[in-house]
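Undergrad: Sequence isn't available, so here's the structure alone:
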């Protein structure tokens, strides 16, 4: 009885409206950064470097004299773009790889899953650094590709499990008998049935990608300073702390943490929602 009540309570968990609103406001602010920002984020105002927040510079300036308010919104655009682009790439790879593993025979499936488990045993950050070193100079495109190529393994395992359960369904067998290709069966019959199961991981991958980009920039191997992102802004942390310019680190850090918390809240809600739907079935 207690378990049933607990499941019901989880199933009725409300959408995190506050998180969605905050996330939407930040995303819209980044998209329309050119409209709301009056200053050029790349302009180096050497006469006003390391200025505390004031009437002219709402969020202050960094050690290079750049307006942090403008950098926040333009930099957020880059960070969110990397998060979405890398997640889109990793999701496509995971769907194709997981579906092939799920439909294939035992030997092929075992080989693909062993490879996945080996890669999952390696810390993701090390893989990202290794691939980025191979690709050379970090750009928005290269970082998106590197993060996308290293973050699909967990989703692929979920898809593989779902496909193995669905491949014996009557509509899948009927599609095969009618000459349906692998791609037709995947996108028309399999994907609509497992997409809800991976939504949580897809959303969380956006969060992980933003964190990975910020970590790389903080370590000095990510985007260069002339490409503004929340991560590259945080890479000035050492100089900021030495000059006691707390706003240079605190303000980008707050925006980054708030976005990550909002995405996490939305992801957990999707997970509970999917679990409740599966319990009903």
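TA: Cool, the structure landed. Predicted, not measured: the structure shown is a model, and the values here were computed from it.

Undergrad: which residues are in contact with stretch 140-149?
TA: 78, 81-82, 85-90, 93, 128, 131-132, 135-136, 209, 212-213, 216, 222-223, 227 (Cβ atoms under 8 Å, 6 or more residues apart in numbering). For the C-beta atoms, the positions are set from N, CA and C on the backbone; glycine is no exception.

Undergrad: Centroid-nearest residue for this structure?
TA: In the chain, the C-alpha nearest the mean C-alpha coordinate belongs to residue 206, at 1.2 Å (Cα atoms, centre = their mean).

Undergrad: could you check the distance from that residue over to residue 28?
TA: 16 Å (Cβ to Cβ, to the nearest Å).

Undergrad: next one: residue 219
TA: 30 Å.

Undergrad: and what of residue 182?
TA: 40 Å.

Undergrad: got a list of what the nearest residue to residue 45 once chain neighbours are set aside touches?
TA: Once flanking residues are discounted, residue 45 sits nearest to residue 65: 3.9 Å by Cβ to Cβ, 6 or more residues apart in numbering. When contacts are counted by Cβ under 8 Å, 6+ apart, residue 65 touches 43-49.

Undergrad: which among the contacts of stretch 140-149 end up buried?
TA: Using 16 or more other Cβ atoms under 10 Å as the burial test, the contacts of stretch 140-149 include 78, 82, 85-87, 89-90, 93, 128, 131-132, 209, 212-213, 216, 222-223, 227 as buried.

Undergrad: for stretch 141-153, which positions count as buried?
TA: Neighbour count says stretch 141-153 has 142-148, 150-153 buried, by 16+ other Cβ under 10 Å.

Undergrad: Which strands and helices lie in contact with the strand or helix carrying residue 154?
TA: Per DSSP states H and E: residue 154 is located in helix 153-166. Secondary-structure packing of helix 153-166 (3 or more Cβ pairs under 8 Å, 6 or more residues apart in numbering; DSSP states H and E): helix 68-103, helix 106-120, helix 191-218.

Undergrad: could you point out which element follows the second one?
TA: Once the chain leaves helix 106-120, the next helix or strand it forms, by DSSP H and E, is helix 124-135.

Undergrad: pLDDT on the helix or strand just after that following helix, on average?
TA: Later in the chain than helix 124-135, the nearest helix or strand by DSSP H and E is helix 140-149. Average pLDDT, helix 140-149: 91.

Undergrad: and helix 140-149 with helix 191-218, angle?
TA: 120 degrees (axes from the mean of the first three to the mean of the last three Cα atoms, to 10 degrees).

Undergrad: ok now helix 140-149, how far from the chain's centre?
TA: Offset of helix 140-149 from its chain centre (Cα atoms, centre = their mean, to the nearest Å): 11 Å.

Undergrad: and if you look at stretch 34-52?
TA: On Cα atoms, centre = their mean, the centre of stretch 34-52 falls 28 Å from that of its chain.

Undergrad: ok, and for that stretch, which residues are buried?
TA: 37, 39, 41, 50-51.

Undergrad: With that, I have no additional questions.
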